[in-house]
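Visitor: Pasted the sequence and its predicted model underneath.
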Amino acid sequence: MATPLTGSQFLAALRAEGLVVHEVRDWRRHNRNTKGHWGPMNGVVVHHTATEGTEPSVDLCYDGRPDLPGPLCHGVIDKDGEVYLVGNGRANHAGLGDRDVLQAVIDEVELPEDRLADTDGNRHFYGFECINLGDGQDPWPEAQLSAVEKAAAAICRAHGWGERSVIGHKEWQPGKIDPLGFTMDALRDRIKSRLAEPPEGPVDPVDPAGGALGAGPGTGPTAANGSRGGAGDVGGAPDDGRTPPVPPMPRHPPYEPFPGGGFFRPGARDPVIAAMGERLIAEGCDHYRHGPGPEWNEAHRKSYASWQRKLGFHGKDADGVPGRVTWDRLRVPNTPARPPGQGSPDMEKAG
């Protein structure tokens, strides 16, 4: 049993394990704590989303459904092995499960068959949703499996748990099949091997001009492309109970943070729009008759829609208006400071 990690501890633990982590909207305060207890913590549950596409999957896990309010997990792991944090606290992911399974997790022994649904799992487990259709045919890229391994190991390392503290939803709640496409025993073997070694340390962002930015120990990118992840030996809570520090955002982040969906409207003019256009051209999403300029126009919208489709989005999710997930993936380089009053976003688009 353990006290739940704070948002900063959770984030630092994941980054210390070498993961690229994106912070989604107000994830640090997004939870279901008013509906039930949160903690003590005993383990990690791995799920598949039964969806496709990063942006709609992340939005679903943050917002939930009419019959099941979000958050539906704590982190979403996409096909590229990047993690999107959507909740911090109690989340609607594990549901009711078998008390004997919980005891086996606590004791870190072989799991019994899950027969009962008599124990609140949302209270005791962190949850990671992995983007996969869950049909047994949708592949699991190695980058994604590696990220599942790292994410689970990060939480285990933070709490001092072993690999047997990580279970699949199908091992907890009768009738569940997720995750489908790999075995939990194989995943636990990978986690065991990883825990036997020191954490990788935060990854380094790549400069669009070539080379690494901030290479060396203790550096790493943030979810919103700028702030540095924590460095050091171990993520999570030190023995004295202090929260490990997450260093502040640098003055000039390597990539432009998402300026908000309302920023991209007819007549909007800003150097960041031109920089976005250059990145779209570099990605092969070019609907420009002339070089991309700083004013938002139909050519920008069509080019961005091509980028959204390239990432697997369709329909209204590929309308050409930038959202946070696709913007972060585009990695628009930091542009010169804007004059006061120019280009101030007036709203945020969640996606």
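Guide: All right, it came through fine. Note that the structure is predicted; figures quoted are calculated from it, not measured.
Visitor: My guess is residue 313 contacts residue 53. True?
Guide: Yes: using C-beta atoms under 8 Å, residue 313 makes contact with residue 53 at a distance of 5.5 Å. (C-beta placed from N, C-alpha, C; glycine too.)
Visitor: Tell me who's in contact with residue 306.
Guide: Residues touching residue 306, when contacts are defined by C-beta atoms under 8 Å, 6 or more residues apart in numbering, comprise 280, 284, 285, 286, 287.
Visitor: Sorry, wrong one. I was asking about residue 318.
Guide: Counting by C-beta under 8 Å, 6+ apart, residue 318 makes contact with 305, 308, 309.
Visitor: can you redo the residues you listed as JSON lines with secondary structure and pLDDT?
Guide: JSON lines is the format used below for the contacts of residue 318 (DSSP: H, G, I helix; E, B strand; the rest coil; pLDDT from 0 to 100):
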{"residue": "305", "secondary structure": "helix", "pLDDT": "92"}
{"residue": "308", "secondary structure": "helix", "pLDDT": "90"}
{"residue": "309", "secondary structure": "helix", "pLDDT": "89"}
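Visitor: Is there a quick PyMOL command that grabs whichever of these are buried?
Guide: What follows is the PyMOL syntax for the buried subset of those, where burial is set by 16 or more other C-beta atoms under 10 Å:
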select buried, resi 305+308
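Visitor: show me where the stretch 251-351 of the chain has strands.
Guide: Counting by DSSP state E, counting those that start in this stretch, one finds no strands in the stretch 251-351 of the chain.
Visitor: Residue 38: how many residues sit nearby?
Guide: Other residues within reach of residue 38 by the criterion other C-beta atoms under 10 Å amount to 17.
Visitor: My read is that it contacts residue 4, right?
Guide: Yes: here residue 38 lies in contact with residue 4, judged by C-beta under 8 Å, at a distance of 5.9 Å.
Visitor: Return every residue with contacts to both of these two.
Guide: Common contacts of residue 38 and residue 4, defined by C-beta under 8 Å, 6+ apart, comprise residue 89.
Visitor: Could you list the low-pLDDT ranges of this protein?
Guide: Applying pLDDT under 70 to the chain picks out residues 1, 204-253, 336-351.
Visitor: Heading C-terminal from the helix or strand in which residue 151 is found, find the next helix or strand.
Guide: Taking DSSP states H and E as the criterion, the element that holds residue 151 is helix 142-159. Per DSSP H and E, the first helix or strand lying C-terminal to helix 142-159 is strand 166-168.
Visitor: Can you mark which positions in that following strand are buried?
Guide: Buried residues in strand 166-168, defined by neighbour count with 16+ other C-beta under 10 Å: 166, 167, 168.
Visitor: can you redo these as TSV with distance to residue 191?
Guide: Output for the buried residues of strand 166-168, formatted as TSV (distance: C-beta to C-beta, whole Å):
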residue	distance to residue 191
166	6
167	11
168	12
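Visitor: so residue 63 touches residue 57, yeah?
Guide: No: proximity of residue 63 to residue 57 does not meet the contact threshold set by C-beta under 8 Å, at 11.1 Å.
Visitor: who's more crowded, these two?
Guide: Legend: neighbour count by other C-beta under 10 Å for residue 63 and residue 57, higher for residue 57 (24 against 15).
Visitor: how about the helix or strand that one falls within as CSV, C-alpha atoms only?
Guide: With elements taken from DSSP H and E, the one containing residue 57 is helix 54-63. Taking only C-alpha atoms (Å, rounded to 0.1, in the frame of the first residue of the first chain), the coordinates of helix 54-63 have been written out as CSV:
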residue,chain,number,x,y,z
THR,A,54,-4.5,9.7,-31.0
GLU,A,55,-6.6,12.9,-30.8
PRO,A,56,-10.1,11.3,-30.5
SER,A,57,-8.8,8.6,-28.1
VAL,A,58,-7.2,11.2,-25.8
ASP,A,59,-10.3,13.3,-25.9
LEU,A,60,-12.5,10.3,-25.0
CYS,A,61,-10.3,9.3,-22.1
TYR,A,62,-10.3,12.9,-20.8
ASP,A,63,-14.0,13.7,-21.3
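Visitor: Who wins on neighbours among the contacts of residue 306?
Guide: Among those, residue 280 has more neighbours than the rest - 24 neighbours, counting by other C-beta under 10 Å.
Visitor: Nearest residue to the middle of the protein?
Guide: Central residue of the chain (C-alpha atoms, centre = their mean): residue 84, 1.4 Å from the mean position.
Visitor: secondary structure class for that one?
Guide: strand (DSSP: H, G, I helix; E, B strand; the rest coil).
Visitor: if I pick the nearest residue to residue 20 once chain neighbours are set aside, what's in contact with it?
Guide: Counting by C-beta to C-beta, 6 or more residues apart in numbering, the nearest residue to residue 20 once its immediate chain neighbours are dropped is residue 82, at 4.5 Å. Applying C-beta under 8 Å, 6+ apart to residue 82 gives the contacts 19, 20, 21, 22, 147.
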